[in-house]
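Novice: Generate coordinates for the sequence data below:
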Amino acid sequence: MTSVRLLLFGFALALLASGCSLTAPDDRNEPRTEYTPLDFSRFTTDTTALVGRWEWRQRTVFGPGTPHRITADTSDRSETLVFPSPDTMRVYRNDTLDQTVARANFLDRAQWGVRADTFATSTAYIDGPETIYVRID
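Specialist: A predicted model of the protein is given here:
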């Protein structure tokens, strides 16, 4: 047991001497800025899969520079989509009904799809955002 401890201690010293951290990533490197768009070929566009409640999790906004990600945790608002049927949608913002629209109007010109408990939309091809929701009901 003691030789294993000495071996681990020696390994830790070697890492520290070389400038590596045991507990955190090397923050001397620049953060990764590339972004991989959603692969909608892995999603279904079956409108019956939309029925239910969806809570907004993140939105990736494209513009000058690198994409900017906004999450529900870092935002001061919430958004919930409710599809009582495949053709109708209600949008709640901060738990207040904001609008009721036809699904086709909401998804007009957007790529969209459902995969397991994820609903995603994208209008990135026209400089719009990619938005991800998770099923809550």
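
Novice: All the strands of the chain, residue numbers only.
Specialist: 52-61, 68-71, 79-85, 88-93, 96-102, 111-115, 118-122, 130-135 (DSSP state E).

Novice: Tell me the confidence at the residue nearest to Phe119 when sequence neighbours are not counted?
Specialist: Once flanking residues are discounted, Phe119 sits nearest to Tyr133: 4.4 Å by CB to CB, 6 or more residues apart in numbering. (C-beta placed from N, C-alpha, C; glycine too.) With respect to pLDDT, Tyr133 has a value of 97.

Novice: same question, Gly113
Specialist: Value listed for Gly113 in the pLDDT field: 97.

Novice: That one: how many residues sit nearby?
Specialist: Neighbours of Gly113 under the rule other CB atoms under 10 Å: 20.

Novice: Likewise for the one 3 residues further on?
Specialist: By the other CB under 10 Å criterion, the neighbourhood of Ala116 contains 10 residues.

Novice: That one: what's it in contact with?
Specialist: By CB atoms under 8 Å, 6 or more residues apart in numbering, the contact list for Ala116 is empty.

Novice: Correct me if wrong: the residue nearest to Phe119 contacts Asp117.
Specialist: No: in this structure Tyr133 lies outside contact range of Asp117 using CB atoms under 8 Å: 9.3 Å.

Novice: Please identify which of these two sits among more neighbours.
Specialist: Taking neighbours as other CB under 10 Å, Tyr133 and Asp117 compare with Tyr133 leading, 22 against 11.
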